[in-house]
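Asks: pasting a predicted model and its sequence here:
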Amino acid sequence: MDDAAECFENILMRIHFHIANNESEDMCSAAHCIPHQKFAMTLVEQTVCHACGATSEPLPFTQMVHYVPSSALCSQAKLMKEKNEPMPNFSELLKRAGGLGTLEIVQVLVEL
């Protein structure tokens, strides 16, 4: 285990394994599966070309823990401050920073 979040995710997946029988980890819909009912989020990943607007096929997947780099939080806060936007509460800042893709994070860091 590298960190507490990874440990937490592994614990949730072990609980799923023991109570959800033959349900797939990725798209579990068992009503009695507490990890998926209370902690899982289904995300859809899709690539968009900024030049022509073409999009890839949507790729849905389930995630128990969503990682947001602290550098993304700092970059988002600094960007908002530079644009004279009102500073949101932490949960809104986390939501905005979590929505940044890796490429966008690098671009924001380079611009700052």
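Replies: Sure, I can see it.
Asks: for Thr62, phi and psi?
Replies: Per-residue torsions, Thr62: phi -110, psi 140 (degrees, to the nearest 10).
Asks: start the count at 547 instead of 1 going forward.
Replies: Fine by me, first position is 547 from now on; the one you just mentioned is Thr608.
Asks: neighbours of it, how many?
Replies: Using other Cβ atoms under 10 Å, the number of residues around Thr608 comes to 15. Every residue, glycine included, has its C-beta placed from N, CA and C.
Asks: looking at it, Gly644 is touching Pro615, isn't it?
Replies: No - when contacts are counted by Cβ atoms under 8 Å, Gly644 is not listed as touching Pro615 (9.3 Å).
Asks: and for the two, which residues touch both?
Replies: Counting by Cβ atoms under 8 Å, 6 or more residues apart in numbering, Gly644 and Pro615 have no common neighbour.
Asks: Phe607 should be in a strand, yeah?
Replies: Yes - the assignment for Phe607 (DSSP: H, G, I helix; E, B strand; the rest coil) places it in a strand.
Asks: beta partners of it?
Replies: Leu589 (DSSP bridges).
Asks: ok, it - contacts?
Replies: Applying Cβ under 8 Å, 6+ apart, the residues near Phe607 are Asp572, Thr588, Leu589, Glu591.
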